[in-house]
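Student: show me the folded form of this:
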Amino acid sequence: MTHQPRFNPRFEQRLPRWHARGIYAGFVFLLASGLGWLWLHNFVSVAGPFGQTPHPAEPVVVKLHGIIAYAFLLLLGALIPVHLRLGWAGKRSLVTGLLTAGAMVLLAVTGLGLYYAGGEELRGLASLSHWLIGLAAALALVSHAIRGRQRHSRGLPRPMAPVRRAPRRIDPV
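Tutor: All right, here's what the predicted structure looks like:
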């Protein structure tokens, strides 16, 4: 009876270049549009015929933020089958990975709260939570990426290449 290893790394855990660049670029655009909206909403107003009004770019920036968020969620979902499963099974960068994943889930939930919240009080709480978690998520993502690069550059255990097996022969009965 042979021992079956608990963790069989058949795939590379490190993200493909296109995926990593998509995650990083998406997050930078989300952070920039979120901070841009915060700045416009809290510090910039335009004098209108009936007094101060919100800056005309404010709704455009928040819509752009939402569109980027949808695309970003697709990229995040693509992490689950390989990157998250291998990281969990191999116990690699668990703390930073869980903090990053948890922050992203909370951002999605608070983003939905902003979109669907009924009362002003609930919406205000969702807004404050969303931008605070967004700033924390930036720190979590950067620390997770740095930790992964350090691990990779030190030559710590690296997943093996995919196992190539000969196709099974089916003998006719």
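Student: residue 147: what's it in contact with?
Tutor: Residue 147 sits next to 93, 96 when contact means Cβ atoms under 8 Å, 6 or more residues apart in numbering. No exception for glycine: its C-beta is placed from N, CA and C like everyone else's.
Student: repeat that for residue 41.
Tutor: The neighbours of residue 41, taking Cβ under 8 Å, 6+ apart as the test, are 54, 58.
Student: in stretch 133-151, what counts as buried?
Tutor: 133, 134, 136, 137, 138, 140, 141, 143, 144, 145, 148, 151 (16 or more other Cβ atoms under 10 Å).
Student: same deal with stretch 64-83?
Tutor: 64, 65, 68, 69, 72, 75, 76, 79, 82, 83.
Student: how about the CA coordinates for stretch 30-49, as CSV?
Tutor: This file holds the C-alpha atoms of stretch 30-49, laid out as CSV (Å, rounded to 0.1, in the frame of the first residue of the first chain):
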residue,chain,number,x,y,z
LEU,A,30,-10.5,50.6,-8.4
LEU,A,31,-8.5,52.3,-5.8
ALA,A,32,-8.0,55.4,-8.0
SER,A,33,-11.6,55.7,-8.9
GLY,A,34,-12.7,55.1,-5.3
LEU,A,35,-10.3,57.7,-4.0
GLY,A,36,-11.3,60.0,-6.8
TRP,A,37,-15.0,59.7,-5.9
LEU,A,38,-14.2,60.3,-2.2
TRP,A,39,-12.3,63.5,-3.1
LEU,A,40,-15.0,64.8,-5.5
HIS,A,41,-17.8,63.9,-3.1
ASN,A,42,-16.3,65.4,0.1
PHE,A,43,-14.1,68.2,-1.1
VAL,A,44,-15.2,69.5,-4.6
SER,A,45,-18.5,71.1,-5.4
VAL,A,46,-19.6,73.4,-8.1
ALA,A,47,-21.6,76.7,-7.7
GLY,A,48,-24.9,76.2,-9.4
PRO,A,49,-28.0,78.4,-9.8
